[in-house]
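1. My questions are about this predicted structure, shown below with the sequence.
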Amino acid sequence: MQETAQSRMTSGELLRQPGQRHGMESVLEAIQCRERFLVTAHARPDGDAIGSMLACAIILGQMGKEVDLVSSDRVPLIYRTLPCASQIRRVARVEGDYDAVILLECDGVERSRLAGLEGRFLINIDHHISGVAFADINWIDDQACAVAEMIHRLATAAGVWITPEMATCLYTAVLTDTGSFCYDGADEHTFNLAAELVRRGAKPAEIARDVYFSCPTSKMLLLGAALGNLRRDGRLAWMWVTHEDMLRTSAAEEDCEGLVNYAIGISGVEAAVFLRELSDHRVRLSLRSKGGLNVARIAESFGGGGHHHASGCTLEGPMSSAIDCILSTFRRHLQQGIHEVA
């Protein structure tokens, strides 16, 4: 497995990190010479963020380090069965003395939505194509299938034991961030990693049940509202929910995760978007593509980012204006034949 990890250290891992110290070796050196760490990830954490945070904490613990886990948002229900998930504290501001803060999947401190990070020593670990070298140490590899792959690589380099608990967290992260191994980035290396994590104690069937068959009723009600607004125009599909829909169904923000997949799952549809109206009438978008369209480029043009096949951004409302804006952008890109490979 070590050879596989080394083979994923591509030129793209370094070219996105001008100026500051970079790479896994720099991250490991920084960890080895420090004692107290804070680990966090982006706001509205997904499976890769939660699973990788927990695995990172286990690594630091085995190395004899002190570690705290925090998030600006709560751990989504479907990830609360992960080992040590209860140790992630929900906070708005970081307090206390830390030798370093490790941020996962963030393109800036603002992405964490945490106050109190100013002036601290920051370590940035990211795999998004829109990754930014904003920290004191930056390790960005847009060829990694998930940030969990990078955390696994870090564990191997540090010589720590991949425990069943760590394997469970990392497998969950890889499973969810590859769209259940459906995205183009899922390749031989991805399945080798998954197999290694199973050998180390991850139980695929149990993890799948927790992730895909443990949805709250509120998410199903919200899905019904979204499907009632489903529209299609040729290769495009879109659906939306209003803030009133969120209140009526008692849905939480996390209940919106994955709903866009019902639109992209339509035969003949190449790109899809799910729109959610926020309480301040702005509109949050989840963009998906089956591979032809690079939705990360589109999201970046609106101040967002993400992956070639899955990205997000926020637009000003009202909903009708946001729909018109994103659909016109999608149509323009499709007509221009922008089908670059990330």
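-> It's in.

2. what sits against the closest residue in space to H243 that isn't next to it in sequence?
-> Distances taken as C-beta to C-beta, 6 or more residues apart in numbering put E277 closest to H243, at 4.6 Å, once the chain neighbours are dropped. Yep, even glycine has a C-beta here, placed from its N, CA and C like the rest. Shown in contact with E277 (C-beta atoms under 8 Å, 6 or more residues apart in numbering): 240-243, 246, 283, 317, 319.

3. Filter the residues you listed down to the ones in strands?
-> 240-241, 283 (DSSP state E).

4. Going by distance to A133, which of those wins?
-> Taking C-beta to C-beta as the measure, A133 lies nearest V283 of these, at 29.8 Å.

5. So for that closest one, what's the nearest residue that isn't a sequence neighbour?
-> For V283, ignoring the flanking residues on the chain, the nearest one in space by C-beta to C-beta, 6+ apart is A322 at 3.9 Å.

6. before we move on, the earlier item: turn the ones in strands among the contacts of E277 into CSV, columns for neighbour count.
-> Formatted as CSV, the ones in strands among the contacts of E277 follow (neighbours: other C-beta atoms under 10 Å):
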residue, neighbour count
W240, 23
V241, 25
V283, 24
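
7. Out of those, which comes closest to H42?
-> Among the ones in strands among the contacts of E277, and counting by C-beta to C-beta, the member closest to H42 is V283, at 19.0 Å.

8. ok, the closest one touching C325?
-> No - with contacts counted by C-beta atoms under 8 Å, V283 stays clear of C325, the gap being 9.2 Å.

9. Tell me who's in contact with the residue nearest to V283.
-> So A322 contacts 275, 283, 285, 315-316 (C-beta under 8 Å, 6+ apart).

10. Give the residue spans of the stretch 51-200 of the chain that score low on pLDDT.
-> 184 (pLDDT under 70).

11. Going by residue numbers, what spans are helices in it?
-> Along the stretch 51-200 of the chain, the segments classed as helices by DSSP state H, counting those that start in this stretch run 147-158, 164-177, 188-199.

12. From what I see, I129 and A296 are in contact.
-> Yes - using C-beta under 8 Å, I129 makes contact with A296 at a distance of 5.0 Å.

13. more neighbours, the two?
-> A296 (24 against 20; other C-beta atoms under 10 Å).

14. now the helix or strand the more buried one falls within, how far from the chain's geometric center?
-> Per DSSP states H and E, A296 falls inside helix 295-301. Between the centre of helix 295-301 and the centre of its chain there are 15 Å (C-alpha atoms, centre = their mean, to the nearest Å).

15. Could you chop this structure up by domain?
-> As recorded under automatic domain parsing, the domains making up the chain are 2-211, 217-335.

16. For L293, the count of nearby residues, please.
-> Residues near L293, counting by other C-beta under 10 Å: 24.

17. any chance of the contacts of A322 in CSV, plus distance to A167 and pLDDT?
-> Below are those laid out as CSV (distance: C-beta to C-beta, whole Å; pLDDT from 0 to 100):
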residue, distance to A167, pLDDT
L275, 36, 97
V283, 38, 97
L285, 34, 96
L315, 39, 95
E316, 43, 94
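
18. closest to E206 among the residues you listed?
-> Nearest to E206 among these, with distances taken as C-beta to C-beta, is L285, at 32.8 Å.

19. Quick check: phi and psi at the closest one.
-> The phi/psi pair for L285 (degrees, to the nearest 10) reads phi -120, psi 140.

20. Tell me the buried residues in stretch 165-176?
-> For stretch 165-176, a neighbour-count test (16 or more other C-beta atoms under 10 Å) marks 165-176 as buried.

21. before we move on, what about stretch 175-189?
-> 175-179, 183, 185-186, 189.

22. Kindly check the end-to-end length of it for me.
-> Using C-alpha to C-alpha, to the nearest Å, the end-to-end distance of stretch 175-189 comes to 13 Å.

23. and if you look at stretch 69-88?
-> Start-to-end, stretch 69-88 (C-alpha to C-alpha) is 5 Å.

24. Show me what that stretch is in contact with.
-> 38-41, 43-47, 49-51, 53-54, 57-58, 89-92, 94, 112-114, 165, 168-169, 172, 210-211, 214-216, 253-254, 257.

25. Buried members of those residues into PyMOL, please.
-> To isolate the buried subset of the contacts of stretch 69-88 in PyMOL, counting by 16+ other C-beta under 10 Å, use the following:
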select buried, resi 38+39+40+41+43+44+45+46+47+49+50+51+53+54+57+58+94+112+114+165+168+169+172+210+211+215+216+254+257
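
26. residues bridging contact with V283 and C325, i.e. touching both?
-> With C-beta under 8 Å, 6+ apart as the test, V283 and C325 both reach L315.

27. Tell me where the model's unsure across the stretch 201-342 of the chain.
-> For the stretch 201-342 of the chain (pLDDT under 70), the answer is 337-342.
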